[in-house]
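Participant: Next come a sequence and a model predicted from it.
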Amino acid sequence: MRIDLSSNFLPAEGTPAVQSDGGAGGVAPTSKPASDSAQLSSNHLSAAALTAAVSELPDVRQEKVAALTEQLRSGAYEVSATQTAEAMLSQMRMTPAA
C-alpha cells in the first residue's frame, strides 16, 4: 500500500492539525482545518425511480422458459458446440476472477 504524504487530511478529533509543507518531511501546525461539503443533484431521483422499476421486473422470463422447456420435450432444441463455447467464454469474461 502506498501512502501519499502530500495529501491534506483532517485530523482526528482532539489532535492538532498538521499540514505537509512539501519539503523534507517537515510539518507545520495549521490553525483551521478545511471543511468539506456535498450537494446531491436531481439525478439521484432518476436513479431511485429506475431502481424501483427494475426491482418490479421478474427474475425469470417465464414465457422464454416455457418455450425452451417445450423445445426440450419435443427434441427440437439443438445447440452447437460453438454456441456453447461462445456462451461459456462470454460468461467467463463478465465474471470477475476470484
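Facilitator: Good, I have the coordinates.
Participant: Flag the shaky bits of the protein, pLDDT-wise.
Facilitator: In the predicted model, the chain carries pLDDT under 70 at residues 1-32, 97-98.
Participant: if we go to 80?
Facilitator: The chain contains residues with pLDDT under 80 at 1-34, 38-45, 95-98.
Participant: quick one, strands of it?
Facilitator: 18-20, 27-29 (DSSP state E).
Participant: which residues of the protein fall in helices?
Facilitator: 43-55, 62-74, 81-94 (DSSP state H).
Participant: As JSON lines, those helices with mean neighbour count would be great.
Facilitator: For the C-beta atoms, the positions are set from N, CA and C on the backbone; glycine is no exception. Converted to JSON lines, these look like this (neighbours: other Cβ atoms under 10 Å):
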{"stretch": "helix 43-55", "mean neighbour count": "9"}
{"stretch": "helix 62-74", "mean neighbour count": "10"}
{"stretch": "helix 81-94", "mean neighbour count": "9"}
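Participant: Looking at the ones you listed, spot the one closest to residue 35.
Facilitator: helix 43-55 (22.6 Å; Cβ to Cβ).
Participant: who touches that closest one?
Facilitator: Contacting residues not belonging to helix 43-55 are not present [Cβ atoms under 8 Å, 6 or more residues apart in numbering].
Participant: Save the helices of the chain as TSV, and put in distance to residue 36 too.
Facilitator: TSV is the format used below for those (distance: least, Cβ to Cβ, whole Å):
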stretch	distance to residue 36
helix 43-55	19
helix 62-74	49
helix 81-94	36
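Participant: who wins for proximity to residue 37 among those?
Facilitator: helix 43-55 (16.4 Å).
Participant: can I have that closest one written out in PDB, keeping just the CAs?
Facilitator: C-alpha atoms of helix 43-55 as PDB (Å, rounded to 0.1, in the frame of the first residue of the first chain):
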ATOM      1  CA  ASN A  43     -30.200  12.600 -10.800                       C
ATOM      2  CA  HIS A  44     -30.500  10.600  -7.600                       C
ATOM      3  CA  LEU A  45     -34.300  10.800  -8.000                       C
ATOM      4  CA  SER A  46     -34.000   9.300 -11.500                       C
ATOM      5  CA  ALA A  47     -31.700   6.600 -10.200                       C
ATOM      6  CA  ALA A  48     -34.100   5.800  -7.400                       C
ATOM      7  CA  ALA A  49     -37.000   5.500  -9.900                       C
ATOM      8  CA  LEU A  50     -35.000   3.200 -12.200                       C
ATOM      9  CA  THR A  51     -34.000   1.000  -9.300                       C
ATOM     10  CA  ALA A  52     -37.700   0.700  -8.200                       C
ATOM     11  CA  ALA A  53     -38.700  -0.100 -11.800                       C
ATOM     12  CA  VAL A  54     -36.100  -2.800 -12.100                       C
ATOM     13  CA  SER A  55     -37.000  -4.300  -8.800                       C
END
